[in-house]
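[1] here are the coordinates; sequence isn't available:
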Ligand SMILES: Nc1ncnc2c1ncn2[C@@H]1O[C@H](COP(=O)(O)OP(=O)(O)OP(=O)(O)O)[C@@H](O)[C@H]1O
Ligand SMILES: CC(C)(CO)[C@@H](O)C(=O)[O-]
Ligand code: BAL
């Protein structure tokens, strides 16, 4: 049976009753099949699974969608139960931040200061602060995060290494719709026309993959991806970046990462893919 805890004391008692290895999947709720993939991966690699559902105010900037963000806890708990989670921790902000905004925070250095970190000032500080707290509260052996938020995964890995946190961070591949759109809780904001336009993100990434494999080099990858985005007037590009797998400068050849963020109608979406830069033809 999947237990639901709203208070840290109840979480502590329930966590103490979970012997063996524990995996945690941290979410902001509004669960979809991308989250379910994380829960399944967690289930496969640990004796017990803890899911957290918390819309973290620290990671929303002024004018962002904190109030609008979907809150569907009953449905979320049902998905967690379906996927075999032992425990769902769903605190409110007063429970997690009893003294209000914490005076202590975990700030993200590189690569948290570029891309999402530049577009959303304070975002990764909010993310790392809540992830550090939730790691302390859930005490997992493994923590699973999605590659859909690749930069987030990267800065969390960096935090765990820098702070010597006793947890293994596991990345889970991005789950996509049949037409390529990365599943995301914010996709539900998209009307029919914007939903069609949103295909341009994954389409741009696919064009970049193909250009990289064809020996087009980094500039060829970016040009091919940009052409797809430019052909979609409804998409307002925030960034398109080619990096190495650690989000450093793109290599001349070999493994790389292509990342995109764009606003489609009123919805900001992100996506990314690994790609291989063939030697320039
Ligand atoms: N399509 C997906 N494939 C794999 N993992 C995903 C996917 N979508 C979300 N995740 C992962 O689920 C975890 C919780 O993310 P979150 O609750 O913010 O959902 P989200 O869909 O990313 O929401 P948002 O639309 O606000 O970005 C994160 O580690 C995130 O990377
Ligand atoms: C990691 C996380 C749960 C922290 O709020 C959030 O950023 C998310 O859901 O990706
Ligand atoms: N998955 C990322 C959560 C956010 O954009 O705040």
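    Okay, I see it. Given the structure is predicted, the values throughout are model-derived calculations rather than measurements. Numbers count the residues shown, from 1 in each chain. Ligands and ions are numbered 1, 2, ... in the order given.

[2] and the stretch 1-150 of the chain, which of its residues are near ligand 3?
    28, 59, 149 (CB under 6 Å from any ligand atom). (Each C-beta comes from the backbone N, C-alpha and C, glycine too.)

[3] between those, which is nearest ligand 2?
    Nearest to ligand 2 among those: residue 28, at 4.3 Å, using CB to the nearest ligand atom.

[4] Give me the nearest residue to the closest one, chain neighbours excluded.
    Excluding the flanking residues, the one nearest residue 28 by CB to CB, 6 or more residues apart in numbering is residue 55, at 4.9 Å.

[5] Surely that neighbour and residue 29 touch.
    Yes. The pair residue 55 and residue 29 passes the contact test of CB atoms under 8 Å, sitting 6.3 Å apart.

[6] who touches both of these two?
    residue 71 (CB atoms under 8 Å, 6 or more residues apart in numbering).

[7] List phi and psi for residue 242.
    Note on residue 242: its backbone torsions stand at phi -110, psi 130 [degrees, to the nearest 10].

[8] now the nearest residue to residue 86 once chain neighbours are set aside, which residues is it bridged with?
    Distances taken as CB to CB, 6+ apart place residue 48 nearest to residue 86, at 4.6 Å, with adjacent residues excluded. Taking DSSP bridges as the rule, residue 48 bridges to residue 22.

[9] follow-up on the earlier one: tell me who's in contact with the residue nearest to residue 28.
    28, 29, 66, 69, 71.

[10] Residue 158 and ligand 3, how far apart?
    17 Å (CB to the nearest ligand atom, to the nearest Å).

[11] any idea how far the nearest residue to residue 173 once chain neighbours are set aside is from residue 38?
    Leaving aside its sequence neighbours, residue 173 sits nearest to residue 147 (CB to CB, 6+ apart; 5.4 Å). To residue 38, residue 147 is 10 Å away according to CB to CB, to the nearest Å.

[12] Return the residues of the protein in contact with ligand 2.
    26, 27, 28, 56, 59, 127, 130, 131, 149, 152.

[13] Describe which strands the host helix or strand of residue 171 pairs with in its sheet and in which direction.
    If you go by DSSP states H and E, residue 171 is part of strand 168-172. Using DSSP bridges, strand 168-172 pairs in its sheet with strand 142-146 (parallel).

[14] Using the neighbour-count criterion, name the buried positions in the very next helix or strand once past the partner strand.
    Counting by DSSP H and E, the next helix or strand C-terminal to strand 142-146 is helix 150-162. By neighbour count with 16 or more other CB atoms under 10 Å, helix 150-162 contains the buried residues 150, 151, 152, 153, 154, 155, 156, 157, 158, 159, 160.

[15] pretty sure the fourth one is touching residue 143, no?
    No. If you go by CB under 8 Å, residue 153 and residue 143 don't touch, sitting 10.2 Å apart.

[16] if I look at those two, which residues touch both of them?
    residue 169.

[17] Contact partners for the residue nearest to residue 86?
    Applying CB under 8 Å, 6+ apart, the residues near residue 48 are 18, 19, 20, 21, 22, 23, 86, 87.

[18] Tell me the pLDDT of the fifth one.
    Going back to what we said before, that points to residue 22. On pLDDT, residue 22 comes in at 98.

[19] Name the spans of the stretch 101-250 of the chain whose pLDDT lies under the cut-off.
    Scanning the stretch 101-250 of the chain for pLDDT under 70 picks out nothing.

[20] Write out the residues of it neighbouring ligand 1.
    145, 146, 148, 149, 172, 174, 175, 182, 183, 184, 185, 186.

[21] possible to save the residues you listed as TSV with distance to residue 234 and neighbour count?
    Below are those laid out as TSV (distance: CB to CB, whole Å; neighbours: other CB atoms under 10 Å):
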residue	distance to residue 234	neighbour count
145	29	22
146	25	23
148	21	22
149	23	20
172	29	20
174	22	19
175	24	18
182	17	23
183	20	17
184	17	24
185	20	18
186	15	15
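
[22] What is the nearest of those to ligand 1?
    Once CB to the nearest ligand atom is applied, the member of these that ends up nearest ligand 1 is residue 146, at 2.1 Å.

[23] Residues in a beta bridge with that closest one, which ones?
    Taking DSSP bridges as the rule, residue 146 bridges to residue 172.

[24] thought it was touching residue 153?
    Yes. Between residue 146 and residue 153 there is a contact under CB under 8 Å: 7.1 Å.
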